[in-house]
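**Q** mind folding the following:
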Amino acid sequence: MSEQRAGITPPSGARFARILGVGGYRPERVVPNSELVERIDSSDEWIRERTGIVSRRWAREDESVVDMAEAASRKALEAAGLDASRIGAVLVATVTHPFQTPTAAALLTHRLGATPAAAMDVAAACAGFCHALALAGDMVTGGSAEHVLVVGVDKLSDFTDPDDRGTAFIFGDGAGAVVVGPSDTPGIGPTVWGSDGEQWDTIRQRSSWLDDPTSPDFSSAFSMKGQAVFRWAVWQMAPVAQQALEKAGVSADDLDAFIPHQANMRIVDSLCKTLKLPAHVPVARDIAETGNTSSASIPLAMERMLREGEAPHGGLALLIGFGAGLAYAAQVVQLP
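**A** Next comes the predicted model:
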């Protein structure tokens, strides 16, 4: 009779997960439209009409992605009432950390005193935060970490060509962070996500970092086909947002906030219209003073809405991120 082999012990985590605290960091330097328009032969009025952007924040030259992530993370940890030593994993959503290795997450983990937490970067551009949030929720319920720090951070000023009329006025810098932990009730709904690599050149880096190092500055800046992005976001992302509502078992009328990626005010308005969002649901419009901060835009907008009392603590919010890749993700969450 053969001896029975021992089986693998199944993982055990919390029944549910939720966001315990949120924090944001906005660089000190405010850059109004008037500072940019001369180089791109534009006007403050045109930028406001096309994007809703009035100003954006740019980090100092010596201020890194990790610096901004640390500032936002410390605020999120404080809001959650947790010491960094209780963090089991750190996920940093970013596409502007200038090194493949070490990751921004590993450096951040060390700075915060969260070692030996697992640490990794998530490169899904403007959808990065929602991707990382989904992973964090699964880690908590799957048992691989009790608490997860999720950071969305980008320093897009390093990758913006100031002479590019299509992008020079859009991007900003910043960081937003949340702490995800166990919950007795569902706090992070099912994620609807996906990608469309066929449209990879719609939003892209102009050239590889492996290309000629003697090439002019901004050769590796980001470029974008604005009209194509607008059409894709308006027509294809609304159904994704609707699916996230349905999977969470709620309707638009149940929402206490709508927090989409801050890509363009006209895209936000179109999404609200297509979703038939009730007038009583507050909508994040952080882009007006922050610009498009890619991975940071959703947590920054969430932090502002809660801080200014525009959205209620404990309320339900629909999040959706979309952008380069093309990648997208959406989920309903309970606000901390």
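
**Q** could I have the CA atoms of the longest helix along the chain written out in PDB?
**A** The longest helix of the chain (DSSP state H) is helix 226-248. Only the C-alpha atoms of helix 226-248 are listed here, as PDB (Å, rounded to 0.1, in the frame of the first residue of the first chain):
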ATOM      1  CA  GLY A 226      -5.700  62.800 -29.000                       C
ATOM      2  CA  GLN A 227      -8.800  62.200 -31.000                       C
ATOM      3  CA  ALA A 228      -8.300  58.500 -31.100                       C
ATOM      4  CA  VAL A 229      -7.800  58.400 -27.300                       C
ATOM      5  CA  PHE A 230     -10.900  60.600 -26.800                       C
ATOM      6  CA  ARG A 231     -13.100  58.300 -28.900                       C
ATOM      7  CA  TRP A 232     -11.800  55.100 -27.300                       C
ATOM      8  CA  ALA A 233     -12.300  56.500 -23.700                       C
ATOM      9  CA  VAL A 234     -15.800  57.900 -24.400                       C
ATOM     10  CA  TRP A 235     -17.300  54.900 -26.300                       C
ATOM     11  CA  GLN A 236     -15.400  51.900 -24.900                       C
ATOM     12  CA  MET A 237     -14.900  52.900 -21.200                       C
ATOM     13  CA  ALA A 238     -18.500  53.700 -20.300                       C
ATOM     14  CA  PRO A 239     -19.600  50.000 -20.900                       C
ATOM     15  CA  VAL A 240     -16.600  48.900 -18.700                       C
ATOM     16  CA  ALA A 241     -17.800  51.200 -15.900                       C
ATOM     17  CA  GLN A 242     -21.300  49.900 -16.300                       C
ATOM     18  CA  GLN A 243     -20.000  46.300 -16.000                       C
ATOM     19  CA  ALA A 244     -18.200  47.200 -12.800                       C
ATOM     20  CA  LEU A 245     -21.400  48.600 -11.300                       C
ATOM     21  CA  GLU A 246     -23.300  45.400 -12.300                       C
ATOM     22  CA  LYS A 247     -20.600  43.100 -10.900                       C
ATOM     23  CA  ALA A 248     -20.700  45.000  -7.600                       C
END
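
**Q** could you say what helices and strands the helix or strand following that helix packs with?
**A** Remark: after helix 226-248, the chain's next helix or strand is strand 257-260, criterion DSSP states H and E. Using 3 or more Cβ pairs under 8 Å, 6 or more residues apart in numbering; DSSP states H and E, the elements in contact with strand 257-260 are helix 265-274, helix 297-307, strand 316-323. Placement of C-beta: from N, CA and C, glycine included.
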